[in-house]
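# okay, predicted coordinates and the sequence, questions at the end:
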Amino acid sequence: MEQFEGQDILNFIKELPNDAACKAYLAKIKWQDGFTCMKCGHTKGCEKVDYRYHCYNCQHVESATANTLFHKVKFGLQKAFCVVFEMSTSSKSISSIQMGKRFSIRQGTAWYFMQKVRKAMKSSQKYPLEKLIHVDEFTVGGKEEGKQGRSYDTKKKKAVIAVELTDGNKVKRVYIRSIKDYSAKSLTPIFEEHISTSAKIVTDKWRGYQPLKEMYDIDQIYSNNGANFKQLHIVIMQVKSWLRAIPTHVSKWHIQAYFDEFCFRINRSQFKTSIFHKTINRMVESKPIYQNQIKQMLSV
């Protein structure tokens with residue numbers, strides 16, 4: 001089976017009509033470079049029925065879903081694929097309540113599985129932003145009386161965004177990180193995780209960026225009410241609009257996962273590879289996680 005392309009839901013259902021077809025799709029991705037036993041590391045084995053592999057060395061029989069984020073999915077593999085398709089191709093975000101109703105899944109089950117998908121969408125940090133980067137901070141939340149600019153005592157969720165621009169001044173890639181405050185300590189991680197030290201970085205005059213000049217090439221200019229960071233502020237408006245489409249409250253413990261999902265969509269839209277196929281690939285490559293691990297991960 002070839003990789004699925006496009007965003008047509010009818011073609012998606014036609015090509016992946018049941019759990020068996022989805023399992024075959026997973027198996028092709030998982031063992032595309034050959035079989036390696038997850039128990040003993042042996043590379044010799046044979047394919048068995050139901051898309052499983054039998055290891056000749058330790059006799060372990062491995063399923064296509066084993067050791068992936070699809071491990072022990074209890075509501076059906078096709079429904080799981082549909083959730084991934086919705087999250088990776090829809091232009092608007094969708095809540096676990098809506099997802100549960102759409103595919104006849106309990107809301108809690110849908111929420112936990114969607115967190116697994118968001119984990120797969122998290123950046124690998126292998127490909128830092130290069131060339132021209134614009135960096136700024138923003139807040140998420142409703143208006144607060146007397147709270148403007150970088151208010152430290154605001155209840156709004158704070159974030160810092162880095163946008164890589166092309167030579168034609170168009171958005172190439174985006175990364176967003178939730179922050180506690182606007183100090184240099186809080187701003188440093190997005191530089192360390194996502195920005196190359198050789199990049200040309202432009203920020204506004206905020207003093208929190210000054211200590212980072214020791215390691216990064218940072219040019220600080222006046223924002224001019226956002227006019228000097230036009231593309232960056234367009235992306236900020238897009239992420240805020242995208243979050244507003246979620247009909248439930250997004251807490252400060254969960255918002256980073258939503259930022260990761262948004263950035264994954266934006267960054268993958270620049271490439272010809274199907275976003276759905278790339279997401280499935282990430283979920284196959286990722287180790288399985290369970291409910292208690294998700295709770296611990298989101299509470300950090």
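In hand now; what should we look at?
# tally of neighbours for the closest residue to His60 other than its chain neighbours?
In space, and not counting its chain neighbours, His60 is closest to Lys39: 4.4 Å by Cβ to Cβ, 6 or more residues apart in numbering. C-betas here are computed from N, CA, C, even on glycine. Lys39: 13 surrounding residues under other Cβ atoms under 10 Å.
# quick one: secondary structure of Lys39?
Taken by DSSP: H, G, I helix; E, B strand; the rest coil, the conformation at Lys39 corresponds to coil.
# can you pull the phi/psi pair for the residue nearest to the spatial centre of the chain?
Among the residues of the chain, the one closest to the centroid is Met121, at 2.7 Å (Cα atoms, centre = their mean). Note on Met121: its backbone torsions stand at phi -80, psi -10 [degrees, to the nearest 10].
# roughly how far does Lys170 sit from Lys119?
Using Cβ to Cβ, to the nearest Å, we find Lys170 at a distance of 29 Å from Lys119.
# do the same with Asp260
Distance from Asp260 to Lys119, counting by Cβ to Cβ: 8 Å.
# likewise for Val73?
In this view, Val73 and Lys119 are 14 Å apart by Cβ to Cβ.
# what does Lys155 give?
For Lys155, the distance to Lys119 equals 27 Å [Cβ to Cβ].
# the two: who's more crowded?
Lys119 (21 against 11).
# on the three-state scheme, that one is what?
At Lys119 the chain is in helix, as set by three-state DSSP.
# surely it and Ile289 touch.
Yes: if you go by Cβ atoms under 8 Å, Lys119 and Ile289 touch, sitting 6.6 Å apart.
# count of neighbours near Leu132?
Residues within reach of Leu132, counting by other Cβ under 10 Å, total 16.
# phi, psi for it please.
The phi/psi pair for Leu132 (degrees, to the nearest 10) is phi -90, psi 120.
# ditto for Val174
Backbone geometry at Val174, expressed as degrees, to the nearest 10, gives phi -140, psi 140.
# burial count for it?
Residues near Val174, counting by other Cβ under 10 Å: 24.
# His134 too?
Neighbours of His134 using other Cβ under 10 Å come to 21.
# now swap in Glu214 and tell me
When neighbours are defined as other Cβ under 10 Å, Glu214 has 7 of them.
# where do the helices sit along the stretch 101-250 of the chain?
Taking DSSP state H, counting those that start in this stretch as the criterion, the stretch 101-250 of the chain carries its helices at 107-121, 184-194, 230-244.
# okay then, goodbye and thanks.
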